[in-house]
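Asks: Provided below for reference: sequence and predicted model.
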Amino acid sequence: MKKKPTPKQPKPELKWQTGAYERQANFQFILPYQFLLLCRLMDITPKEVVTDFMDNLSCASWKREGRDAAKEHLINYFIAHGYGQQHYTEVHIRQVFKEMDAVGLLFPRESNGKMVDRYAKWRDKHQNWWFKKWFRKPRRKPGKTEAL
């Protein structure tokens with residue numbers, strides 16, 4: 001009997017990328033019934049909705065065209081829920097999103113694979129630098145388990 005190959009997990013870039021913050025996550029939860037009904041009515045899978053939510057909120061370079069209004073609404077949603085406001089002001093949080101969006105805008109759409117690979121390497125290094133810059137802001141109060 002052959003063993004199924006296990007999917008390769010991305011190597012953590014930073015020490016804290018484990019457990020709840022691991023890049024490859026498998027969630028199992030009960031979808032709210034109304035959400036499931038809505039998805040079925042609109043003929044879109046719940047997975048597509050959640051994936052679009054994450055892509056838009058993270059200002060990713062993937063599928064950017066025509067999503068500016070959705071991104072702005074999600075940023076407002078994020079702020080309205082008070083996420084991160086124990087560490088940052090609303091102005092800082094909006095700046096975080098602007099900087100994430102700027103990196104996504106730089107994706108070389110009209111380029112060959114070599115340029116895309118270079119961009120991906122640069123993006124990964126830049127995102128690590130960017131994260132550390134914001135994580136170490138004076139208003140940041142690291143928790144007991146958060147260390148770089």
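Replies: Received it, and whenever you're ready, just let me know what you need.
Asks: show me what contacts the residue nearest the centre of the chain?
Replies: The centroid of the chain falls nearest to Ser58 when counting by Cα atoms, centre = their mean (3.8 Å). Contacts for Ser58 (Cβ atoms under 8 Å, 6 or more residues apart in numbering) come out as Met100. In short, each C-beta sits where N, CA and C put it, glycine included.
Asks: give me that answer again for 10 Å
Replies: By Cβ atoms under 10 Å, 6 or more residues apart in numbering, the contact list for Ser58 reads Lys71, Leu74, Phe97, Met100, Asp101, Gly104.
Asks: got the CA positions of the longest helix seen in the chain in CSV?
Replies: Longest helix in the chain, counting residues (DSSP state H): helix 113-135. Output of helix 113-135 as CSV, limited to C-alpha atoms (Å, rounded to 0.1, in the frame of the first residue of the first chain):
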residue,chain,number,x,y,z
GLY,A,113,8.5,34.0,-14.9
LYS,A,114,12.0,35.2,-14.0
MET,A,115,10.7,38.6,-13.0
VAL,A,116,7.8,37.2,-11.0
ASP,A,117,10.3,35.0,-9.1
ARG,A,118,12.4,38.0,-8.3
TYR,A,119,9.4,40.0,-7.2
ALA,A,120,8.3,37.1,-4.9
LYS,A,121,11.7,36.9,-3.3
TRP,A,122,11.8,40.7,-2.8
ARG,A,123,8.2,40.7,-1.5
ASP,A,124,8.9,38.0,1.1
LYS,A,125,12.0,39.9,2.4
HIS,A,126,10.1,43.2,2.3
GLN,A,127,7.1,41.8,4.2
ASN,A,128,9.3,40.5,6.9
TRP,A,129,11.0,43.9,7.3
TRP,A,130,7.6,45.6,7.2
PHE,A,131,6.2,43.3,9.9
LYS,A,132,9.1,43.9,12.2
LYS,A,133,8.8,47.7,11.7
TRP,A,134,5.2,47.7,12.7
PHE,A,135,5.6,45.1,15.4
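Asks: that one: which residues count as buried?
Replies: Neighbour-count burial for helix 113-135 flags Tyr119, Arg123, Trp130, Trp134 (criterion: 16 or more other Cβ atoms under 10 Å).
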